[in-house]
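S.K.: this one's sequence-less:
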DNA sequence: ATAGTGAACACAAAATTGACTATTCAATAT
DNA sequence: ATATTGAATAGTCAATTTTGTGTTCACTAT
């Protein structure tokens, strides 16, 4: 019957919520399946009726997290009343800011996403492809509007994402001061814009 | 007297050569000071008359290594008979290729450089600054020749180096296929060139 | 049939131990 | 004086055991 399926979905949600709360507070690796189960008033064994394993729970949460990042970027790109150049700058800015907020406001969650990414390369590639698709659409918009001149939007989108690496990989956030990163991001944005704008 | 100082320098060289050979064959961490000393027919204790510690030996070698990389880039930039655009493309290509050869031909040495870099941030920043200076000079050349139009060569050089991160940090060399990286590098080079060329 | 459990198992993390190695220093040789 | 050493020290690394945790499964309840 329907309600059973709905219950299943509710239970999954409950598990994800409990897990997220634990992960936020003490981190992914130090949270046990028994703890998550207890928060849901069930046994650890029963979790495996809803998720394949612990990594599967982490992956679900990490996907949500990365999804929100792409959504933030999509929102910027979707403002079709704005010039494409402004939206491209916003796209880069959104990526930069999301990473920054993630690292400062939710370090444990960020750590979890990192851990999951290491073990779920396909998910990383999917996320990268999702960003690339959003960016590609923006580039085509810009070309259609005569703002941009770009031969191959796909390759160009990939190149732009590659150039943004420094601002998305956390190693460098601890290596450089934040102000320095902000300036680097501005400079990179200018460079990229000049690279795609019609001359 | 003079010869003493010369001997000191020679001894230092001998130690560095012995260390480099060991590091190349078995890696930095698995090479002992005793082994290096034995290769130089001296005791381990005596090494400390020529180097502060093991890391100091590694740092000297890593500096040489990074220096050669900058030299390769300088060589490309120095061909003043060539157009600046060509030299800029060559600059990026040289960085990419040097990293690739380092990883494939001298993995142990590369591993050593990595290890030293983690513990010698100042050295990393110096190396980064050296590359930036070379690039900055090239940009000024290009501006003087009317090929490039760049407001702030310093910031632009920093931005270009930031955009090249993906090709200089080894994490990604194992994450993506080599062919994919080559294509990304080409795309990024095009983007950067379009970003600095006079329009 | 579906949701759930406790106990067993296998694997991985943590703690312990022991061996090894970097580094120092007083003593020696040149 | 300067270069060198052997022996002592302190700290790191690797192998070991122990503990804890993820996962499975036969079984129970609804």
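M.R.: Everything's here; your move. Nothing here was measured: the structure is a model prediction, and the numbers come from that model.

S.K.: Next, name the residue at the spatial heart of chain A.
M.R.: The centroid of chain A falls nearest to residue A:66 when counting by C-alpha atoms, centre = their mean (2.6 Å).

S.K.: Give the full set of residues in contact with the closest residue to that residue other than its chain neighbours.
M.R.: Leaving aside its sequence neighbours, residue A:66 sits nearest to residue A:127 (C-beta to C-beta, 6 or more residues apart in numbering or on different chains; 4.6 Å). For every residue, glycine as well, the C-beta is placed using N, CA and C. Residues near residue A:127 by C-beta atoms under 8 Å, 6 or more residues apart in numbering or on different chains: A:66, A:69, A:70.

S.K.: so how far is chain B from the closest residue to residue A:11 other than its chain neighbours?
M.R.: Leaving aside its chain neighbours, residue A:11 sits nearest to residue A:50 (5.8 Å; criterion: C-beta to C-beta, 6+ apart). Noted for residue A:50: a distance of 31 Å to chain B, by C-beta to the nearest C-beta, to the nearest Å.

S.K.: what does residue A:108 give?
M.R.: Relative to chain B, residue A:108 is positioned 22 Å away (C-beta to the nearest C-beta).

S.K.: Please apply the same query to residue A:43.
M.R.: As judged by C-beta to the nearest C-beta, residue A:43 and chain B stand 38 Å apart.

S.K.: Could you tell me how many residues sit around that residue?
M.R.: 12 (other C-beta atoms under 10 Å in any protein chain shown).

S.K.: need the helices for chain A, in chain order.
M.R.: All helices of chain A, identified by DSSP state H, fall at A:2-26, A:33-39, A:44-47, A:54-77, A:84-105, A:107-119, A:121-144, A:153-163, A:165-168, A:171-175, A:178-196.

S.K.: The fourth one near DNA strand D at all?
M.R.: In this case it means helix A:54-77. Yes. Counting by C-beta under 7 Å from any atom of the strand, DNA strand D has neighbours in helix A:54-77: A:54, A:55.

S.K.: starting at the chain centroid, how far to that helix?
M.R.: Distance of helix A:54-77 from the chain centroid (C-alpha atoms, centre = their mean, to the nearest Å) equals 5 Å.

S.K.: Could you tell me the angle between the direction of it and that of helix A:84-105?
M.R.: In terms of direction (axes from the mean of the first three to the mean of the last three C-alpha atoms, to 10 degrees), helix A:54-77 departs from helix A:84-105 by 140 degrees.

S.K.: Mind listing residues that contact helix A:54-77?
M.R.: Helix A:54-77 is contacted from outside by A:15-16, A:19-20, A:23, A:28, A:33, A:36, A:47, A:51, A:87, A:90-91, A:93-95, A:98, A:102, A:109, A:112-113, A:115-117, A:119-120, A:123, A:127, A:130-131, A:134-135, A:137-138, A:141, using C-beta under 8 Å, 6+ apart.
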